[in-house]
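Undergrad: I need the structure of the sequence given here:
(one chain, ligands or ions: 1)
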Amino acid sequence: MKVTDEESESLSAFFSRNSYLSGRYDDDGSFAQLNSRLLSLPGGSDANRLFYLALPPTIYKHVSTNIRTHCMSSRGWSRVIVEKPFGRDLQSSQELSAHLSSLFSEDQIYRIDHYLGKEMVQNLMVIRFGNRIFGPIWNRNSVACVVLTFKEPFATQGHGGYFDDFGIIRDVMQNHLLQILCLVAMEKPASTSPDDVRDEKVKVLKCIAPVTGSDVVLGQYVGDPEGEGQSKLGYLDDPTVPAGSCTPTFATAVLYVQNERWDGVPFILRCGKALNERKAEVRLQFTDVPGDIFAERCQRNELVLRVQPDEAIYLKMMTKRPGVYFSPEETELDLTYRSRYKNVKLPDAYERLILDVFCGNQMHFVRSDELREAWRIFTPLLHQMEEENKPPIPYTYGSRGPGEADDLMKRVGFHYEGKYKWVQPHTA
Ligand code: BG6
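TA: You can find the predicted model right below:
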């Protein structure tokens, strides 16, 4: 990344304030030392303290207990950011939550899900509740299905050891995609206060039954013999992955929000590594126009919020083919950020979220009851997968994932023609 002179000055000023203290996670003395170091810094006992824990689950308990015992600010605030994994299933997550809540109050705990810091994910609330045009069609009468996608073109090579313990459902689906689902499905909150928003998200989760095996397709990538470099290697070729591992690197799951607004509408969550492209998006596919007069030449409308790369919102719609024709043609209304907001630098998701922690705003952080509900939805499936230990369906590195996932989407009602491709329209 190119750094300007001004940025370089700020960076040096920032780094000159950093210092490092080594110690042991489970050692009281180390944390007492940390406390003395903090007291010696400007602000001393008046200063606020923010602890960022990005740690393996086995260490959380020691560190959080030691922070509570030795390192709380005596006159300022103390807040703790915790990174996933928040446990491995409902039970372990509940244990961790009980432990943290015995030490800190909920308003001191910031469970980070960095997808909640992404521009388009935050935009969902404004798009939905700041416009007149979407509200009336945002329900089962007009929406045929909702597809939430996370695709990465690279594999787990190198950190397969970590990944193997979790798999794609715990890594991406149970947190990032489910959080997005909540923002798409929730009712309008009473206000934009963090607890009003999170109350609505929890209500959505409570209406979702645990996912069952028949609503899921699991995949694991294999090397592409024709590919280059890394793509020749499959998941099981990674020496850090245990031989014969059945951990999925791809999953598509169908969830239903059983409430008055969404009953019967499939929410399709799909995510995977080593796929054909990098893309995260929210897609609402609308129902067919009733009473067709165009001899079935109209495609369904779709509203797409492209989370990354190239943030955009576009609405796929039919228009008259321009000229002497009178036939419908598919096109889009397009709001591509790179052209519409040329000079706006979008902050990184973590930048925004850490700023929120400084400001004490928990709107984009996961509350403990949200977490519990999220694990409730996925735990039976995760346990079943572990018991059965069935090899997932192989898919080739660089492909769209297993064809069975496309079949599942079709079965629940998603129409995919495969003809239309959104092209970043302003690149010329
Ligand atoms: C993390 C997952 O939470 O999100 C990673 O653990 C994944 O596996 C990453 O690669 C994706 O984040 P982003 O911001 O690059 O889309």
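Undergrad: Give the closest residue to the residue of the stretch 151-300 of the chain found nearest the ligand in space, chain neighbours not counted.
TA: Among all residues of the stretch 151-300 of the chain, Asp171 sits closest to the ligand, at 4.6 Å; criterion: CB to the nearest ligand atom. Backbone N, C-alpha and C define where each C-beta goes, glycine included. Distances taken as CB to CB, 6 or more residues apart in numbering place Phe163 nearest to Asp171, at 6.6 Å, with adjacent residues excluded.
Undergrad: Correct me if wrong: the one you found contacts Thr156.
TA: Yes - if you go by CB atoms under 8 Å, Phe163 and Thr156 touch, sitting 4.3 Å apart.
Undergrad: Need phi/psi at the residue of the stretch 151-300 of the chain closest to the ligand.
TA: Backbone torsions for Asp171, taken as degrees, to the nearest 10, come to phi -70, psi -40.
Undergrad: Just the C-alphas of stretch 84-98, formatted as PDB.
TA: The C-alpha coordinates for stretch 84-98 follow below in PDB (Å, rounded to 0.1, in the frame of the first residue of the first chain):
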ATOM      1  CA  LYS A  84     -14.200 -15.400  17.400                       C
ATOM      2  CA  PRO A  85     -14.100 -18.300  17.900                       C
ATOM      3  CA  PHE A  86     -16.700 -17.800  20.600                       C
ATOM      4  CA  GLY A  87     -16.700 -21.500  21.400                       C
ATOM      5  CA  ARG A  88     -17.300 -24.400  19.100                       C
ATOM      6  CA  ASP A  89     -21.000 -25.100  19.800                       C
ATOM      7  CA  LEU A  90     -23.900 -24.000  21.900                       C
ATOM      8  CA  GLN A  91     -22.500 -25.500  25.100                       C
ATOM      9  CA  SER A  92     -18.900 -24.300  24.900                       C
ATOM     10  CA  SER A  93     -20.100 -20.800  23.800                       C
ATOM     11  CA  GLN A  94     -22.500 -20.700  26.700                       C
ATOM     12  CA  GLU A  95     -19.700 -21.600  29.100                       C
ATOM     13  CA  LEU A  96     -17.500 -18.900  27.600                       C
ATOM     14  CA  SER A  97     -20.300 -16.400  27.900                       C
ATOM     15  CA  ALA A  98     -21.000 -17.300  31.500                       C
END
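Undergrad: Backbone dihedrals for the residue in the chain sticking out farthest from the centre, please?
TA: Distance from the C-alpha centroid of the chain, by CA atoms, centre = their mean, peaks at Val324 (46.0 Å). Main-chain torsions, Val324, degrees, to the nearest 10: phi -80, psi 10.
Undergrad: And it, how far from the ligand?
TA: 46 Å (CB to the nearest ligand atom, to the nearest Å).
Undergrad: ok, that residue - contacts?
TA: The contact partners of Val324, by CB atoms under 8 Å, 6 or more residues apart in numbering, come to none.
Undergrad: ok, back up a step: give me the common contacts of Phe163 and Thr156.
TA: 241, 249.
Undergrad: contacting residues for Val357?
TA: 50, 79, 81, 110, 365.
Undergrad: Give me the pLDDT value at it.
TA: Model confidence at Val357, expressed as pLDDT, equals 98.
Undergrad: Fine by me, thanks again.
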